[in-house]
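Q: 3D, please:
(one chain, ligands or ions: 4)
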Amino acid sequence: MAVRFLFGFLHGADRGRIGLDDVELTTDASPVIQPSLDVSLPDGAATQVAPDATTPILVRVQPRAESYVSGSGLLHYSIDGGAYVTTPLTPLGDSEYYAALPAVPCGSIIDYYLSIQGSTSGIQILPPTAPAHTFTAIATNVETIVATDFGSNDPTWTTAGDAVNGAWSRSEPLGHGDAGDPPSDFDGNVTCWLTGPDDGDADVDDGVTILLTDTYDLSGSVDPYITYARWFNNDGGDSPLEDEFLVEASDDGGATWTPIELLGPTGPQVHGGWYVARFRISDFVTLTDQFRVRWQVSDYGDDSRVEAAIDAFEVYDVSCGGSG
Ligand SMILES: [Ca+2]
Ligand SMILES: [Ca+2]
Ligand SMILES: [Ca+2]
Ligand SMILES: [Ca+2]
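A: Numbers count the residues shown, from 1 in each chain. Ligands and ions are numbered 1, 2, ... in the order given. Okay, the predicted model is just below:
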């Protein structure tokens, strides 16, 4: 953009003067800062790979204010702390590229990152602080002990507690997400466990509601983990941020319980949103044939809006079998 002021005989004024003071030219629009290349991993960064097999890594490189320098993309990897090796990204079309992590024995650890050259900004690194901080994958066998999305393979879990409203229920979330409740389940099959699935004022009131799993046999497991997606919101109502969400494990079928995690009464994950929790079971309880988990959500004291949900529950064992 340019502005010019023209004076003088040719412009209709042979004499006179003009004063300008405090001149400002502005635009209401924010400056648009184009990112350069947009590099991402559509399938995520692998953290666990199968032993003795290559692992594909899918990379998306979307041109923004610049273009991708053809052939410049590299996957860098280091096995068990060794020197980095590079392998080129192979174009798949549609801005997607492919490279493979190498086959490594069970128990090996692969650190890896990507480098891509943009036509004007030079080399970009993903993750940006690599090689100081890289993606890391471990080669292990993973055996699923139980996994459920709470759809067709619904386990026979039980509920308990004395809450007047908002008891745990396996259902589609029906509240539209406008009252601290999840608008939808986590893993996309519609159903999950949640406190009071109905629309409107359907949160936990005056007591605790408890969701208990079946009993699982971990006596033959090597290094089992538990993972689940959870939702917790206690920041609404007349007395926000005063109630808790407690998760516990048992190795004796529920006779005694050990805390795994406690959410609330304050903290970053008490305002709703799905978060995935993952724990190494042997960090908390002995591996027996009577493993069990329970989730307790309560509204004690003054009335608070308390909502919780659980989805994508899985217990799996990590091992190297006979080869590790
Ligand atoms: Ca689900
Ligand atoms: Ca509810
Ligand atoms: Ca309440
Ligand atoms: Ca309360």
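
Q: can you tell me the residue of the stretch 201-324 of the chain closest to ligand 2?
A: residue 202 (3.9 Å; Cβ to the ion). In this view, the C-beta of every residue, glycine as well, is placed from N, C-alpha and C.

Q: with the chain instead?
A: Relative to ligand 2, the nearest point of the chain is residue 196 (3.3 Å; Cβ to the ion).

Q: so that residue versus ligand 1, what's the distance?
A: 17 Å (Cβ to the ion, to the nearest Å).

Q: what about the closest residue to residue 313 other than its chain neighbours, distance to residue 129?
A: Among residues not flanking residue 313 along the chain, residue 228 sits closest, at 4.5 Å (Cβ to Cβ, 6 or more residues apart in numbering). Residue 228 sits 30 Å away from residue 129, going by Cβ to Cβ, to the nearest Å.

Q: please apply the same query to residue 85.
A: Taking Cβ to Cβ, one finds residue 85 at 20 Å from residue 129.

Q: quick one: residue 180 is in a strand?
A: No: under DSSP: H, G, I helix; E, B strand; the rest coil, residue 180 sits outside any strand and is assigned coil.

Q: so in this structure, which strand runs the longest?
A: strand 305-319 (DSSP state E).

Q: quick one: is that strand near ligand 1?
A: Yes: interface with ligand 1: strand 305-319 contributes residue 311 (Cβ under 5 Å from the ion).

Q: so which elements touch that strand?
A: The contact analysis (3 or more Cβ pairs under 8 Å, 6 or more residues apart in numbering; DSSP states H and E) places strand 305-319 against strand 141-148, strand 192-195, strand 224-236, strand 271-280, strand 292-299.

Q: ok now it, how far from the chain's centre?
A: 13 Å (Cα atoms, centre = their mean, to the nearest Å).

Q: for residue 89, grab the count of nearby residues.
A: Neighbours of residue 89 under the rule other Cβ atoms under 10 Å: 22.

Q: ignoring the adjacent residues along the chain, who's closest to it?
A: residue 73 (3.4 Å).

Q: quick check on the residue in the stretch 1-150 of the chain positioned nearest to ligand 4: phi, psi?
A: Minimum separation of the stretch 1-150 of the chain from ligand 4 (Cβ to the ion) falls at residue 150, amounting to 27.1 Å. Here is the backbone geometry of residue 150 (degrees, to the nearest 10): phi 60, psi 30.
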